[in-house]
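Sequence first, then the predicted structure, then my questions.
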Amino acid sequence: MNEMSTRPHERRRGPDTQSAGSEGRSRSACPECSGRIVDDAEHGEAVCDECGLVLSEDALDRGPEWRNFDDEETADRSRVGAPTTRLKHDKGLSTTIGWQDKDAYGHQLTPQKRAQLQRLRTWDERFRTKNAQERTLKQGLGEINRMASALGLSEPCTEIAGVLYKRAVEEDLLPGRSIEGMATACLYAAARQHGTPRTLVEFTTVSRVEKTPVQRTYRYVSRELGLKVEPADPLQYVRQFASTLEVSDEAERVARDLLETMKAEGKHSGKSPAGLAAAALYAATHLTNEGLTQATVSDTAQVCHVTIRDRYQEIIDVYEEA
């Protein structure tokens, strides 16, 4: 038991006692006796430890009114929804009807109730998109989520793509172009802006659109939205390729050194960043006696054999001169 609880009769209200403790809690010493100010959590007050002067009262307890002992209890007792996200046309603020045909007790619904619930789901989907623009936005964001999940892109990168796609819809850039192509182009631009670029060939493997339309749409979106996308750095591809090829850390370090030498000599300008990264890894594995084949590197990096062979020779020439 603390000292304050043993002398409750000594407490007295000061003339400037604050409600909710805004000013009293900011003080560190009593204004009358210069004593130490302590918080009395039981009574919700800030009190002088020496003379008992109450400087503030009616403090607000901003914590939960229940206790929890594990993460499962915290999730069950939480009364808030999911955070807002730019990956949904309504930012995730609307509600959805669950797909399980069960009641609150976990019992299966009767056929009549299931049919009624299905009609409610249909009308719920229709009311969540009020017009054609929202339907277009919903479909495009769904495509972005699907492709980002297949490519393993991070959530911040995916959200950037969602923002770009929403801007394209709001500025009326979709007429004459497919929703899938615009979504792919926005995700490609977002990956480059986020510093985790992927080759267009990788995007076309998960997209429903061919490579050429995606290239055209990307150039159109970049011009109309005024995107400032820096040229991709070959070093940004090294970690991705090295992880897929399962090369050693030593080979990855050597590949980075080779690319740094190329950049220092200015020999990387005008060449495909992905092709340079693939060739550097191919050269590094030979310098470290791991000896990957051109076919293996080509299949992983989605770069043709001719590009790897040509860039490899250039890298070796620069390396020997240095």
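Received it, and whenever you're ready, just let me know what you need. Residues are numbered from 1 along each chain as shown.

CA atoms only for stretch 234-244 - export them in PDB, please.
Coordinates of each C-alpha in stretch 234-244 appear next as PDB, following Å, rounded to 0.1, in the frame of the first residue of the first chain:
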ATOM      1  CA  PRO A 234      21.100  -3.800 -62.700                       C
ATOM      2  CA  LEU A 235      22.000  -4.300 -59.000                       C
ATOM      3  CA  GLN A 236      18.200  -4.300 -58.200                       C
ATOM      4  CA  TYR A 237      17.900  -7.600 -60.100                       C
ATOM      5  CA  VAL A 238      20.800  -9.400 -58.600                       C
ATOM      6  CA  ARG A 239      19.300 -10.500 -55.300                       C
ATOM      7  CA  GLN A 240      16.100 -11.800 -57.000                       C
ATOM      8  CA  PHE A 241      18.000 -13.800 -59.600                       C
ATOM      9  CA  ALA A 242      20.600 -15.100 -57.000                       C
ATOM     10  CA  SER A 243      17.800 -16.300 -54.700                       C
ATOM     11  CA  THR A 244      16.000 -18.100 -57.500                       C
END
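
tell me which residues in that stretch are buried?
Pro234, Leu235, Gln236, Tyr237, Val238, Gln240, Phe241, Ala242 (16 or more other CB atoms under 10 Å). For every residue, glycine as well, the C-beta is placed using N, CA and C.

who are the neighbours in contact with Ile144?
Residues in contact with Ile144 (CB atoms under 8 Å, 6 or more residues apart in numbering) are Leu87, Thr158, Ala161, Gly162, Tyr165, Ala183, Cys186, Leu187.

in what helix or strand does it lie?
helix 132-151 (DSSP states H and E).

roughly how far apart are Met182 and Tyr218?
Separation of Met182 from Tyr218 (CB to CB, to the nearest Å) stands at 9 Å.

To clarify, my last question referred to Ala255.
Ala255 is 28 Å from Tyr218, by CB to CB.

again with Cys33
72 Å.

do the same with Leu55
63 Å.

so where's this protein uncertain?
1-27, 61-68, 71-82, 92, 322 (pLDDT under 70).

So for stretch 122-134, what gets flagged as buried?
Applying 16+ other CB under 10 Å to stretch 122-134 flags Arg128, Thr129 as buried.

What distance separates the opening and closing residues of that stretch?
This stretch, stretch 122-134, spans 16 Å end to end (CA to CA, to the nearest Å).

need the contact list for Val238.
Glu252, Ala255, Arg256, Leu259, Ala277, Ala280, Leu281.

repeat for Arg198
Leu151, Leu153, Tyr188, Ala191, Gln240.
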